[in-house]
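Asker: coords please:
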Amino acid sequence: MAGEVRPPGDKSISHRCVLLSLLANGRSEIFSISKGGDVNSTLGIVEALGAVVSETDGRIVIESKGIQEPRKILDVGNSGTLLRLATGMLAGYQGHFVLSGDESVNSRPMDRVIEPLASMGARITGRSGNRMAPITVLGSELKGHEFSGLPASAQVKSAILLAGLRADSPTSVIEVVSTRPHTEEMLQEVGVDVEIVDLGGSTRITVHPNSSLKAKSWRVPSDPSQAAFFVVGALITPRSEVLVKDVLVHKTRTGFLEVLKRMGAQVELRMKSDSVADIYASSSKLRATDIGGDEIPSVIDELPILAIAAARAEGTSQITGAEELRVKESDRILTSVGMLRAFGVDVEEHKDGMVITGSDGPFRPSVIETKFDHRIAMSAAIGSLVADGEVEIRDASSVDTSYPGFLAVLLSLVG
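Answerer: Okay, the predicted model is just below:
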């Protein structure tokens, strides 16, 4: 692999830019937004909720006068992030809202969001004992609340903070393990009073009610989760040098780089601002490492591609504490293990992770079952670079949910 690549705009930030633009009064602009199907679903939902969305000169323009009751079901597509954030956002608005997605999303747990919102007074029901979508939200008056002991999930935290905008008093979330801070930081940018207090071993994030957010212009950096595929691809293939450009490098999003550095990876951050950098990566001899504990939230989306790196490392790597992978677009422990076994890798499946015995030998030709999971499909594509024969990746169209054109970009780097 050789060359330069700019991945799409960060998906997590793109979702939030669109939702906050809906909550703002006036005209907002978003530059370098993610073009994947997940964010397209978010754009479709804000239109259904009354915003006017257009694209001009490569930027998205959203004009909003606030949330209106929709005339149809709100389709979140394949996006669990959208389902959870939108549920929290809508909980305090008068109206009847129904959210549903594809089969994968509608099988993912929602009780972790519904239960804390219900303690604020939200009226939310769902399938399977209020555990799964389709979700019905009947907007109601919300009470401020302080939460602790929640799952270490930025989606859960964000749903609560967005609901807190419509509560009658401040709402707080206490985190023992830090998760992505995009929601609280972006709320501050649109004029919301958000307090972030270090409690010594934990952090309290408090949002004060605010129904008058400011419209603004957003610029979305490249997605570090997408950058990870190209970085690992460069590390595991001989004579490779790749520069991945304009990547968000917040400490809660670059745990995969710390893991790779422990493995002996030749990676370098070339800073362009406080939170954006180009990442240079070149062929490296990797060694095994263990991944677990408090670092899991910062690498949860990158674990399938880190499993590919571990399969090419000398020694045995262990991933623990990653039960969250069981409830992603697929059961990512099961699908990652299946992918590695298809490549001929020695791997053991565990309830909360896996044990991978690496080798610098080539992967064998194989058929990879992705279960329509975009991260498994992209990880398999990177693994195919070191296979000694043809690799068939089934249901690779799932990549379009996050990175349309990924395979073409990868082929351009391979030459």
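
Asker: Every contact and neighbour count from this point should use C-alpha atoms.
Answerer: Will do.

Asker: Show me the beta-bridge partners of the nearest residue to residue 54 once chain neighbours are set aside.
Answerer: Among residues not flanking residue 54 along the chain, residue 61 sits closest, at 5.2 Å (C-alpha to C-alpha, 6 or more residues apart in numbering). On the basis of DSSP bridges, residue 61 is bridged to residue 29, residue 54.

Asker: elements contacting the helix or strand harbouring residue 20?
Answerer: Using DSSP states H and E, the element containing residue 20 is helix 11-23. In terms of contacts (3 or more C-alpha pairs under 8 Å, 6 or more residues apart in numbering; DSSP states H and E), helix 11-23 is packed against strand 24-31, helix 37-48, strand 59-64, helix 80-90, helix 182-189.

Asker: Report the distance from that helix to the chain centre.
Answerer: The chain centroid and the centroid of helix 11-23 are separated by 13 Å under C-alpha atoms, centre = their mean, to the nearest Å.

Asker: Stretch 108-123 now?
Answerer: 20 Å.

Asker: what's the burial count for residue 55?
Answerer: By other C-alpha atoms under 10 Å, 11 other residues sit near residue 55.

Asker: Quick one: residues contacting it.
Answerer: residue 61 (C-alpha atoms under 8 Å, 6 or more residues apart in numbering).

Asker: quick one: it from residue 33, how far?
Answerer: Using C-alpha to C-alpha, to the nearest Å, residue 55 is found at 11 Å from residue 33.

Asker: Same check on residue 361?
Answerer: 39 Å.

Asker: Looking at these two now, which is surrounded by more residues?
Answerer: residue 33 (26 against 13).

Asker: Beta-bridge partners for the nearest residue to the more buried one once chain neighbours are set aside, please?
Answerer: Take residue 33 and drop its neighbours on the chain: the residue closest to it by C-alpha to C-alpha, 6+ apart is residue 9, 4.9 Å away. Counting by DSSP bridges, residue 9 forms beta bridges with residue 222.

Asker: Residue 218 is in contact with residue 9, correct?
Answerer: No. Residue 9 is beyond contact range of residue 218, at 11.2 Å (criterion: C-alpha atoms under 8 Å).

Asker: Settle it for me: which of those two has more neighbours?
Answerer: Using other C-alpha under 10 Å as the criterion, residue 9 and residue 218 rank with residue 9 on top: 26 against 21.

Asker: got the contact list for the more buried one?
Answerer: Per C-alpha under 8 Å, 6+ apart, neighbours of residue 9: 32, 33, 34, 35, 220, 221, 222, 223.

Asker: Taking those, tell me the two that lie furthest apart.
Answerer: 35 and 221 (12.9 Å; C-alpha to C-alpha).

Asker: how about stretch 310-327 as PDB, C-alpha atoms only?
Answerer: Output in PDB follows, covering the C-alpha atoms of stretch 310-327 (Å, rounded to 0.1, in the frame of the first residue of the first chain):
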ATOM      1  CA  ALA A 310      -3.200  -9.300  16.300                       C
ATOM      2  CA  ALA A 311      -3.400 -12.100  13.800                       C
ATOM      3  CA  ARG A 312      -0.300 -10.800  12.100                       C
ATOM      4  CA  ALA A 313       1.600 -10.200  15.400                       C
ATOM      5  CA  GLU A 314       4.200 -12.400  17.000                       C
ATOM      6  CA  GLY A 315       2.700 -14.100  20.100                       C
ATOM      7  CA  THR A 316      -0.700 -14.400  21.700                       C
ATOM      8  CA  SER A 317      -3.100 -11.400  22.100                       C
ATOM      9  CA  GLN A 318      -6.100 -11.400  24.400                       C
ATOM     10  CA  ILE A 319      -9.200  -9.100  24.200                       C
ATOM     11  CA  THR A 320     -11.300  -9.000  27.300                       C
ATOM     12  CA  GLY A 321     -14.100  -6.800  28.700                       C
ATOM     13  CA  ALA A 322     -15.700  -6.300  25.300                       C
ATOM     14  CA  GLU A 323     -19.200  -7.700  25.800                       C
ATOM     15  CA  GLU A 324     -20.500  -4.600  24.100                       C
ATOM     16  CA  LEU A 325     -19.400  -6.200  20.800                       C
ATOM     17  CA  ARG A 326     -22.200  -8.800  21.200                       C
ATOM     18  CA  VAL A 327     -24.800  -6.100  20.500                       C
END
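
Asker: List the contacts of that stretch.
Answerer: Contacts for stretch 310-327 (C-alpha under 8 Å, 6+ apart): 108-109, 236, 263, 285-293, 296, 300, 331-334, 340, 345, 351-361.

Asker: from those residues, which ones fall inside strands?
Answerer: 290, 291, 353, 354, 355, 356, 357 (DSSP state E).

Asker: Quickly name whichever of those is closest to residue 276.
Answerer: residue 291 (24.9 Å).

Asker: ok, now which ones touch that closest one?
Answerer: Residue 291 neighbours (C-alpha under 8 Å, 6+ apart): 259, 317, 318, 319, 320.

Asker: Just those: which are in strands?
Answerer: Per DSSP E, the subset of the contacts of residue 291 in strands is 317, 318, 319.

Asker: Buried members of those into PyMOL, please.
Answerer: Restricted to buried positions by 16 or more other C-alpha atoms under 10 Å, the PyMOL selection for the ones in strands among the contacts of residue 291 reads:
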select buried, resi 317+318+319
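
Asker: of the ones in strands among the contacts of residue 291, closest to residue 96?
Answerer: Nearest member of these to residue 96, counting by C-alpha to C-alpha, is residue 319, at 42.4 Å.

Asker: So that closest one versus residue 290, what's the distance?
Answerer: 6 Å.

Asker: go on, residue 326?
Answerer: 19 Å.

Asker: helices and strands around the helix or strand containing residue 247, which ones?
Answerer: Element membership for residue 247, per DSSP H and E: strand 241-248. Where contact means 3+ C-alpha pairs under 8 Å, 6+ apart, strand 241-248 is packed against strand 2-5, helix 224-236, strand 276-282.

Asker: got a markdown table for these, with mean neighbour count too?
Answerer: Output for the helices and strands packed on strand 241-248, formatted as a markdown table (neighbours: other C-alpha atoms under 10 Å):
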| stretch | mean neighbour count |
| --- | --- |
| strand 2-5 | 16 |
| helix 224-236 | 27 |
| strand 276-282 | 21 |
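
Asker: Out of those, flag the one nearest residue 208.
Answerer: Set against residue 208 and scored by C-alpha to C-alpha, the helices and strands packed on strand 241-248 come closest in strand 276-282, at 29.0 Å.

Asker: Having no further points to raise, I will conclude here.
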